[in-house]
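> Sequence and predicted structure, then a few things I'm wondering about:
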Amino acid sequence: MVTVDFADVECLQHQREWKQLASLLVNAAQSLERGGADFIVLCTNTMHKLADAITAAVEIPLLHIVDATAAAIYKSHQRRVGPVATKFTMEQAFYAERMRDKFGIEVIVLSPHSRQLVHDVIYQELCYGLIREESRERYQEIIRELAQQRHTATSCSSY
């Protein structure tokens, strides 16, 4: 197992230093491979933005979080989903495109205000182990909005 300092990762994410982050994860993946790992798992949606850089740098497979998520979605017979994730995951194409192109699953995107709120709660509360009741209530509202949108929208939001 390789652990990276999330404070550094968060800082680089918000500075949009994706090349530096790719280097960090490639080094970690190569270390795992040298250590005899059979595969790589990234325990984060957002860093799957760099999945191609990782897979290009090692021989062992990366178990992609979208693939595992899509398998669960298929079991539930759903074909439209709304991730509640960081803005990077919700706004950038790497997650939604893989869902759509590889699995035929449409990704519904939250409103800009809701995306910001979710992003802020993730980085300012959940990453610190904080669970505030007002944030929980707002997340529940957002999930209800997504459920309604899932049943009424006719096309995927573009970004």
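Yep, that arrived.
> What are the buried residues along the helix ranked longest in the chain?
Taking DSSP state H as the criterion, the chain has its longest helix at helix 133-152. Within helix 133-152, the residues that count as buried by 16 or more other Cβ atoms under 10 Å are Ser135, Tyr139, Ile142, Leu146, Gln149. Yep, even glycine has a C-beta here, placed from its N, CA and C like the rest.
> show me the contacts for the fourth one.
If I follow you right, that is Leu146. Shown in contact with Leu146 (Cβ atoms under 8 Å, 6 or more residues apart in numbering): Gly82, Val84, Ile108, Leu110.
> between these, which is closest to Arg16?
Closest approach between the contacts of Leu146 and Arg16, by Cβ to Cβ: Leu110, at 20.7 Å.
> Point to the residue nearest the middle of the protein.
Asn45 (2.3 Å; Cα atoms, centre = their mean).
> Without its sequence neighbours, what residue ends up closest to it?
Thr89 (4.5 Å; Cβ to Cβ, 6 or more residues apart in numbering).
> How about the secondary structure of Ala7?
helix (DSSP: H, G, I helix; E, B strand; the rest coil).
> number of nearby residues for it?
Using other Cβ atoms under 10 Å, Ala7 has 9 other residues around it.
> ok, now Thr46?
Here the count is done by other Cβ under 10 Å, and Thr46 has 22 residues near it.
> quick one: the residue nearest to Asn45 from Thr69, how far?
According to Cβ to Cβ, to the nearest Å, Thr89 and Thr69 sit 11 Å apart.
> ok, which pair from the contacts of Leu146 is furthest apart?
Applying Cβ to Cβ across those, the maximum distance is between Val84 and Ile108, 10.7 Å.
> Quick check, the residue nearest to Asn45 in contact with Thr46.
Yes: counting by Cβ atoms under 8 Å, Thr89 does reach Thr46; the two are 5.1 Å apart.
> re earlier: out of the contacts of Leu146, which are buried?
By 16+ other Cβ under 10 Å, those give Gly82, Val84, Ile108, Leu110 as buried.
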